[in-house]
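**Q** Build me a model from this:
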Amino acid sequence: MKKHAIVCAAAALLSACGLARADDAHNPSPEEMAAMMAKWQKVAAPSEHHKHLDAFVGKWNTTMRMWMEGPGSAPMEAPGVSEIKWGFGGRFIVEDHNGQMMGQPYIGMGLTGYDNYQNMYIGIWANNQATSLINMKGIRDPSGKRWTFFGEMDEPMLDVYGRTVKYVIDMIDADTHTFAVYDLHAGDEYKVVEVAYKRAK
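**A** Purely as a prediction, here's the structure:
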């Protein structure tokens, strides 16, 4: 009876997600439903890729640099602190950041994880200086020292929507890494922001 209830609950969930169509004449058997559930559970569980994110967990002192006039110009610098913890049962790391940007308080929160279905790392960022969310998708290179993400960012001051941006994380050592933002509209190596993370002792 308990197994039947689980199968029924799974069927209801799949139907609610739009995976079961009203015009589909085939109703999955209990065995087929069990196989579907096993596949879903495998995709939904933390994988070996998630373990690589453990390198970011901890408390960090940060230095944000912004090149308002482009690479080669003198950057604006601002200190901050970040704390990164595991959340959602080991599926995402959660970052809480407090610092400054252009002389104003800057508070940010991010989630980073690995999407087993899409086979790539994913991230999202929100902060107190915008009403939009930053989304990114990317990969970790074989060396494990560089992570490259791509996403889109709007530029309200320039009336630009969906500007393509590259985000690069470089692992310097166990206690140091950087997060850089490149404006691909201006050039592949046109760095506009870099945040240096140093593990707090």
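
**Q** three-state assignment of M68?
**A** Secondary structure, DSSP: H, G, I helix; E, B strand; the rest coil: M68 is coil.

**Q** Quick check: pLDDT value at it.
**A** Listed pLDDT for M68 reads 86.

**Q** Number of residues surrounding the nearest residue to it once chain neighbours are set aside?
**A** Distances taken as Cβ to Cβ, 6 or more residues apart in numbering place M76 nearest to M68, at 6.3 Å, with adjacent residues excluded. Quick note: C-beta positions are derived from backbone N, CA and C, even for glycine. For M76, the neighbour count with other Cβ atoms under 10 Å is 16.

**Q** Which neighbouring residues are in contact with M76, exactly?
**A** 65-66, 68, 102 (Cβ atoms under 8 Å, 6 or more residues apart in numbering).

**Q** Equivalent analysis for F149, please.
**A** Applying Cβ under 8 Å, 6+ apart, the residues near F149 are 121, 123, 136-138, 166-169.

**Q** Weed out the non-buried ones from those.
**A** Buried by 16 or more other Cβ atoms under 10 Å: 121, 123, 136, 138, 166-169, out of the contacts of F149.

**Q** Which ones among the residues you listed lie within helices?
**A** Among these, the subset assigned to helices under DSSP state H is empty.

**Q** The protein: helices as residue ranges?
**A** Applying DSSP H to the chain gives helices spanning 2-16, 30-44, 48-51.

**Q** What residues sit buried inside the lengthiest strand in the chain?
**A** For the chain, the longest strand by residue count, based on DSSP state E, is strand 160-173. Neighbour-count burial for strand 160-173, with 16+ other Cβ under 10 Å as criterion, is recorded at 165-169, 171.

**Q** Same check on stretch 111-118?
**A** 111-114, 116.

**Q** and the protein, what are its domains?
**A** Under the assignment automatic domain parsing, the domains of the chain span 2-44, 49-199.

**Q** looking at the ones you listed, which is buried most?
**A** domain 49-199 (a mean of 15; mean count of other Cβ atoms under 10 Å).

**Q** got the contact list for the spatially most central residue of the chain?
**A** Closest to where the C-alpha atoms of the chain average out (Cα atoms, centre = their mean) is G123, at 1.1 Å. Applying Cβ under 8 Å, 6+ apart to G123 gives the contacts 110-113, 134-138, 149, 167.

**Q** what's the spacing between K51 and W86?
**A** Separation of K51 from W86 (Cβ to Cβ, to the nearest Å): 11 Å.

**Q** just G113 next, same as before
**A** From G113 to W86 the distance is 10 Å (Cβ to Cβ).

**Q** cool, and V192?
**A** 30 Å.

**Q** Could the C-alpha coordinates of stretch 43-55 be exported in CSV?
**A** The C-alpha coordinates for stretch 43-55 follow below in CSV (Å, rounded to 0.1, in the frame of the first residue of the first chain):
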residue,chain,number,x,y,z
VAL,A,43,19.3,13.4,-11.6
ALA,A,44,18.1,15.1,-8.5
ALA,A,45,20.8,13.8,-6.1
PRO,A,46,24.2,15.5,-5.5
SER,A,47,26.9,14.1,-7.7
GLU,A,48,30.7,14.0,-7.8
HIS,A,49,30.6,17.4,-9.6
HIS,A,50,29.0,19.0,-6.5
LYS,A,51,32.0,17.9,-4.4
HIS,A,52,34.3,20.3,-6.3
LEU,A,53,32.2,23.2,-4.9
ASP,A,54,33.5,22.4,-1.4
ALA,A,55,36.6,24.4,-2.2
